[in-house]
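Asker: Got a predicted structure here, sequence first:
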Amino acid sequence: MKKLKVGVIFGGISSEHDVSIVSGTSVISNLDKEKYNITPIYISEDGKWYVCTKPVEQIKILNIGETIKEKRIIENIEETLKNLDVIFPVLHGIGGEDGSIQGILEMFNVPYVGCGILASCVGMDKVYTKIIFDKANIKQAKYEYIKKYNNKYIYIDKKMNQETQELKEICKKIDSNLKYPMFVKPSNSGSSVGITKVEKIEELEKAIEYASKYDKKILIEQELIGREVECAVLGNEEVISSCVGEIKPSEEFYSYDAKYNNSESKVIIPADLPKEMSNEIRNQAIKAFKAIDGKGLSRVDFFANEKTGEIWINEINTLPGFTQISMYPKLFENVGIPYKVLLNKLIELALEK
Ligand SMILES: Nc1ncnc2c1ncn2[C@@H]1O[C@H](COP(=O)(O)OP(=O)(O)O)[C@@H](O)[C@H]1O
Ligand SMILES: [Mg+2]
């Protein structure tokens, strides 16, 4: 049988470049070499596209901070992509998870793993994710939304009316509308980059200015009290969910360091939650995925409060971490779908789409 030509794109221009290298090399080394003819495509931090020249069988799973050395620049990206049967974009964050790469692949008419343009954009943009989840009646944290433009701040109310105001005034408004602690986040970011937990009004202004370095749109959320849990979904129209997993951050919240540099952060699979709560989380995960028009895969993150029985959605990740020890593959492994089988299923779903 002729082997399917699979392109794996990883690296990328976002702050999650390094994480993507780990995810991408994990995917490459686990894809079935009998079944697939693999082309590893690496995008550098400055946006140059390369083909890895090391034989795929020899490509090892890299660690955070390691990079691809043996590579050749791609002269004709269009030709390279069109020559492939299916592409697995293992890119996180801006330029990969936000619909950009999906747009390129749509234009070139190459099937690809995962969400399309719309779901990718919506899932990447925390403000627009919230707008869709509000519409879908999925419970989430109370929030405020502001924008930065020409060094001025614009306050956007719940009816989308926009008004330029002094940052001090905006902070007062947020202070009276939300309770502390609050989380200030760039709308488009990931891996906790640009996020600050704020305990009082004096810290709010700085946190907003800091978040605005990463994105012009800034989200301010009231803290959710509960356990941090995640659920993986898989499918196009017929979507299945995994079991629920719990994150126990080593730090005050699940920051970049707690995620990647601190071995004390723990993952518990399956999460020790009452069955009804787990089931509700699994249902809400599928609902959220469908609400953003998801395809292929996503990891949906929640907060669950066992005492009150409440669950809130935090976010949806359309291209979650994909190393062998990442939550997404681990959750499916726990329900009987090992990493290698999961990769096959994702490729089948890409071709079905
Ligand atoms: N509203 C909230 N309440 C409590 N903790 C939060 C809240 N928002 C974010 N966090 C903490 O910050 C971390 C990163 O925020 P998140 O919205 O998931 O951004 P990212 O896309 O960077 O992962 C979360 O994993 C959680 O630990
Ligand atoms: Mg998160």
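Answerer: Right, received. Where do you want to start? Ligands and ions are numbered 1, 2, ... in the order given.
Asker: how about the helices in this protein?
Answerer: With DSSP state H, the ranges of helices along the chain come out as 17-30, 77-82, 100-107, 117-124, 126-135, 167-177, 201-211, 256, 275-291, 327-334, 339-352.
Asker: would you turn the ones you listed into TSV with mean neighbour count and mean pLDDT?
Answerer: C-beta coordinates here come from the backbone N, C-alpha and C atoms, glycine included. Shown next, in TSV, are those (neighbours: other Cβ atoms under 10 Å; pLDDT from 0 to 100):
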stretch	mean neighbour count	mean pLDDT
helix 17-30	24	95
helix 77-82	14	97
helix 100-107	18	97
helix 117-124	23	97
helix 126-135	18	96
helix 167-177	16	96
helix 201-211	17	96
helix 256	18	78
helix 275-291	19	98
helix 327-334	22	96
helix 339-352	17	97
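Asker: what about those helices, which gets the closest to Ser242?
Answerer: With distances scored as Cβ to Cβ, the stretch of the helices of the chain nearest to Ser242 is helix 327-334 (3.7 Å).
Asker: What is that closest one packed up against?
Answerer: Applying 3 or more Cβ pairs under 8 Å, 6 or more residues apart in numbering; DSSP states H and E, we find helix 327-334 packed against strand 227-235, strand 240-248, strand 296-305, helix 339-352.
Asker: Direction included, what does the first one pair against?
Answerer: So the one you mean is strand 227-235. With DSSP bridges as the criterion, the sheet partners recorded for strand 227-235 are strand 240-248 (antiparallel), strand 296-305 (antiparallel).
Asker: what's the most buried one of those strands?
Answerer: Ranked by average neighbour count under the criterion mean count of other Cβ atoms under 10 Å, the strands paired with strand 227-235 are headed by strand 296-305 at a mean of 24.
Asker: pull the CA atoms of that one into PDB?
Answerer: Extracted in PDB, the C-alpha atoms of strand 296-305 (Å, rounded to 0.1, in the frame of the first residue of the first chain):
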ATOM      1  CA  GLY A 296     -10.600  17.200  15.300                       C
ATOM      2  CA  LEU A 297      -9.400  17.900  18.800                       C
ATOM      3  CA  SER A 298      -9.400  20.300  21.700                       C
ATOM      4  CA  ARG A 299      -8.600  20.400  25.400                       C
ATOM      5  CA  VAL A 300     -11.200  22.100  27.400                       C
ATOM      6  CA  ASP A 301     -10.200  23.600  30.800                       C
ATOM      7  CA  PHE A 302     -12.500  24.100  33.800                       C
ATOM      8  CA  PHE A 303     -12.600  25.000  37.400                       C
ATOM      9  CA  ALA A 304     -14.700  22.600  39.600                       C
ATOM     10  CA  ASN A 305     -15.900  23.300  43.100                       C
END
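Asker: could you give the angle of that strand to helix 339-352?
Answerer: The directions of strand 296-305 and helix 339-352 differ by 120 degrees, with axes from the mean of the first three to the mean of the last three Cα atoms, to 10 degrees as the criterion.
Asker: How about the residues of this protein by ligand 1?
Answerer: Residues of the chain lying near ligand 1 by Cβ under 6 Å from any ligand atom: 141, 183, 185, 189-192, 195, 221, 223-224, 228, 249, 253-254, 301, 314-315.
Asker: Put together a markdown table for the strands paired with strand 227-235, with mean pLDDT on each row.
Answerer: Listed next are the strands paired with strand 227-235 as a markdown table, based on pLDDT from 0 to 100:
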| stretch | mean pLDDT |
| --- | --- |
| strand 240-248 | 96 |
| strand 296-305 | 98 |
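Asker: Quick check: which of those is nearest to Ser20?
Answerer: Minimum separation from Ser20 across the strands paired with strand 227-235 (Cβ to Cβ) falls at strand 296-305, 15.0 Å.
Asker: what inclination does that closest one have with respect to helix 275-291?
Answerer: Angle between the axes of strand 296-305 and helix 275-291 is 140 degrees (criterion: the same axes, to 10 degrees).
Asker: Can you check what angle separates strand 296-305 from helix 327-334?
Answerer: 90 degrees.
Asker: starting at the chain centroid, how far to strand 296-305?
Answerer: When C-alpha coordinates are averaged (Cα atoms, centre = their mean, to the nearest Å), strand 296-305 and its chain have centres 10 Å apart.
Asker: most centrally placed residue in this structure?
Answerer: Asn317 (3.1 Å; Cα atoms, centre = their mean).
Asker: Alright, that wraps it up for me.
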